[in-house]
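# Please work out how this folds:
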Amino acid sequence: MSIPRRHCLVIGGGVVGVHIAALLAEAGHQVDLFDPAGIAERTSRGNAAALAFTDIIPLATPGILWKAPRWLIDPLGPLSIRPAYLFRLAPWLLRFALASRPARVEAATMAQAELMRIAEHETLTLAERAGIAAMIRHDGCLELYESEDELAASQPGWDRKAAAGIAYTHLRGAELAALQPGLSPRFVAGTFVPAWKTVTEPQHYARAVWAYAERLGARLDRCRVTRLDLRRERPAAHLSDGRRIEADRIIVAAGAWSKSVLTGTSAAELPLDTERGYNTTLPSTAFDLKRQLIFPGHGFVITPLENGIRVGGAVEFAGLKARPNFDRATAMLDKARQFLPGLDPANGRQWMGYRPSLPDTLPVLGRLKEHRDVILAFGNGHLGLTQAAAMGRLVTDIVSDQPPPLDLAPFRPDRF
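Okay, here's the model as predicted:
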């Protein structure tokens, strides 16, 4: 059965948007992508480079609710909320608490595992077709613990991952040192996850995917979409330069900024907020880093890139308008110096980005209630790079009227 060729507008030039554009173009659709900043110039520019296909457990768990009060006391710790933002964030926090109930956690974990299964397959096969497979590193990751009690507390999560077919190995002593020489002796144990992957540099990778989409006919328009017009049979986008463009399908994939074009629709009420993440990128000579290191008790990672070493992570809730607090990046770098005593902290570049997050850790993926030809595809939180190819495949199935390879109900826009 032939698939009709449709004119699609993709709003958002981050890593999710470019994957959607690439897979739509592969399917033969006409694709115009809109982003005033260009390709991967905002949140996708400085992420931690992880393809975290094994990260299936949502952030909203009963365990994190016990940790959160302790973390919140430290304004530079793994999780912080700006005092002035607390009132505005309260509805999101309530939904986060509701999502942490055991039944909800299990349902979200199952949905996430299915999405990750598709994400891994689509990422690797798309990279082969695009000729960029060499930009993916297959080194695994190493999670590190400062006590046997910390390792034991993590075991229920590992058991759940094992049930989903995810392999891991707990390490100590010489085995730990062999995977990453130069660790502080404060780390008594670690967990190696061989299926974890990273990209050589996240912005370069996203731009390489876009270059493939361009070769297939996708076009970039560096103009801002101000609002949607849903009054007619075909939806339309109003642009900041005064143009109005109709299309067969409009895909909203603008990450943390997605709600700005959905004013007046049911999607404007979605509980989308931002996990502001900070990092510092050091020169490659700063340390001989073998693979991504994860410090779960401190909420950050250290990643080897083609052009440096990136120290970053943690979560700050402060919205889209507050000024960055780069003391958070400095605090993580200070910890990294303790954890890797040989690390040279000189000549680092600091950065902050906005992760588009929903309370249950699952993205929104589905048709807009008011107009079925508008498709919402955002809210991947800290998993945007990881899930981008899956989002592209599923959006392409929706546009092409093909049955998706998983149940989309857990991701529906009206689930809140």
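# going forward, measure contacts between C-alpha atoms and count neighbours the same way
Fine.
# Pull up the gap between Ala206 and Arg310, please.
With distances defined as C-alpha to C-alpha, to the nearest Å, the gap from Ala206 to Arg310 amounts to 17 Å.
# so what's Ile294 bridging to?
For Ile294, the beta-bridge partners under DSSP bridges are Glu143, Val301.
# can you tell me which residues contact it?
If you count contacts by C-alpha atoms under 8 Å, 6 or more residues apart in numbering, Ile294 has them with 141-144, 300-302.
# same thing with Ala336?
When the contact criterion is C-alpha under 8 Å, 6+ apart, the partners of Ala336 are 302, 311, 343.
# tell me which of those is nearest to Ala40?
Compare each of the contacts of Ala336 with Ala40 using C-alpha to C-alpha and the shortest gap goes to Val311, at 19.5 Å.
# Okay, and that closest one sits in which element?
In this structure, Val311 sits in strand 308-317 according to DSSP states H and E.
# Mind splitting the protein into its structural domains?
Segmentation of the chain into domains, based on automatic domain parsing, reads 7-45+204-271+361-411, 63-109+135-196+272-357.
# Identify, out of the ones you listed, the most deeply packed stretch.
Compared across the domains of the chain, domain 7-45+204-271+361-411 shows the largest average neighbour count, a mean of 21 (mean count of other C-alpha atoms under 10 Å).
# tell me how far the ends of it are from each other?
The stretch domain 7-45+204-271+361-411 measures 24 Å between its terminal residues, going by C-alpha to C-alpha.
# Just give me how far it sits from the chain centre.
In this view, domain 7-45+204-271+361-411 has its centroid 15 Å away from the chain centroid, taken as C-alpha atoms, centre = their mean, to the nearest Å.
# returning to what we had before: confidence-wise, which of the domains of the chain is weakest overall?
The stretch with the lowest mean pLDDT among these is domain 63-109+135-196+272-357, at a mean of 93.
# Please enumerate the helices of the stretch 301-416 of the chain.
In the stretch 301-416 of the chain, the helices defined using DSSP state H, counting those that start in this stretch lie at 327-339, 384-399.
# of these, which approaches Thr198 most closely?
Within these, the stretch nearest Thr198 is helix 384-399; the backing value is 9.2 Å (C-alpha to C-alpha).
# elements contacting the closest one?
Under the contact criterion of 3 or more C-alpha pairs under 8 Å, 6 or more residues apart in numbering; DSSP states H and E, the helices and strands touching helix 384-399 comprise helix 15-26, strand 50-51, helix 102-130, strand 371-378.
# Any figure for the gap between Phe300 and Gly379?
Distance from Phe300 to Gly379, counting by C-alpha to C-alpha: 20 Å.
# Pro410 contacts Thr109, doesn't it?
No: taking C-alpha atoms under 8 Å as the contact criterion, Pro410 and Thr109 are not neighbours in contact, 10.5 Å apart.
# intersection of neighbour lists for the two?
The overlap between the contact sets of Pro410 and Thr109 (C-alpha under 8 Å, 6+ apart) is empty.
# who's in contact with the closest residue to Leu24 other than its chain neighbours?
Once flanking residues are discounted, Leu24 sits nearest to Thr396: 5.4 Å by C-alpha to C-alpha, 6 or more residues apart in numbering. The neighbours of Thr396, taking C-alpha under 8 Å, 6+ apart as the test, are 20, 23-24, 27.
# Pick the one among the residues you listed closest to Arg5.
For Arg5, the nearest member of the contacts of Thr396 is Ala27. The distance, counting by C-alpha to C-alpha, is 8.3 Å.
# could you check the distance from that closest one over to Leu151?
Counting by C-alpha to C-alpha - Ala27 and Leu151 are separated by 46 Å.
# go on, Ile245?
Taking C-alpha to C-alpha, one finds Ile245 at 55 Å from Leu151.
# isn't Pro271 right up against Thr361?
No: distance between Pro271 and Thr361: 11.3 Å, which falls outside the contact criterion (C-alpha under 8 Å).
# distance between stretch 176-185 and the chain's centre?
Shown here is stretch 176-185, whose average C-alpha point lies 28 Å from the average C-alpha point of the whole chain (C-alpha atoms, centre = their mean).
# Give me the contact list for that stretch.
Under C-alpha under 8 Å, 6+ apart, the answer for stretch 176-185 is 189-190, 289-291, 338-342.
# ok, now with 7 Å
When contacts are taken as C-alpha atoms under 7 Å, 6 or more residues apart in numbering, the neighbours of stretch 176-185 outside the stretch itself are 190, 290, 339-342.
# and those residues, which two are the farthest apart?
Spatially, the most separated pair among these is Gly190 and Gly342, at 19.2 Å (C-alpha to C-alpha).
# follow-up on the earlier one: turn the helices of the stretch 301-416 of the chain into JSON lines, columns for distance to Pro91.
What follows is those, written out as JSON lines (distance: least, C-alpha to C-alpha, whole Å):
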{"stretch": "helix 327-339", "distance to Pro91": "25"}
{"stretch": "helix 384-399", "distance to Pro91": "23"}
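# so Arg12 touches Phe34, yeah?
Quick fix: residue 12 is Gly, not Arg. Yes: taking C-alpha atoms under 7 Å as the definition, Gly12 is a contact partner of Phe34 at 5.9 Å.
# In the stretch 101-250 of the chain, mark out all the strands, start to finish.
The residue ranges that make up the strands of the stretch 101-250 of the chain, judged by DSSP state E, counting those that start in this stretch, are 136-137, 141-145, 169-171, 189-193, 197-199, 219-221, 225-229, 236-239, 244-246, 249-252.
# TSV for those, including distance to Val261?
Supplementary listing: the strands of the stretch 101-250 of the chain in TSV, determined by distance: least, C-alpha to C-alpha, whole Å:
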stretch	distance to Val261
strand 136-137	33
strand 141-145	38
strand 169-171	45
strand 189-193	39
strand 197-199	31
strand 219-221	16
strand 225-229	5
strand 236-239	9
strand 244-246	14
strand 249-252	8
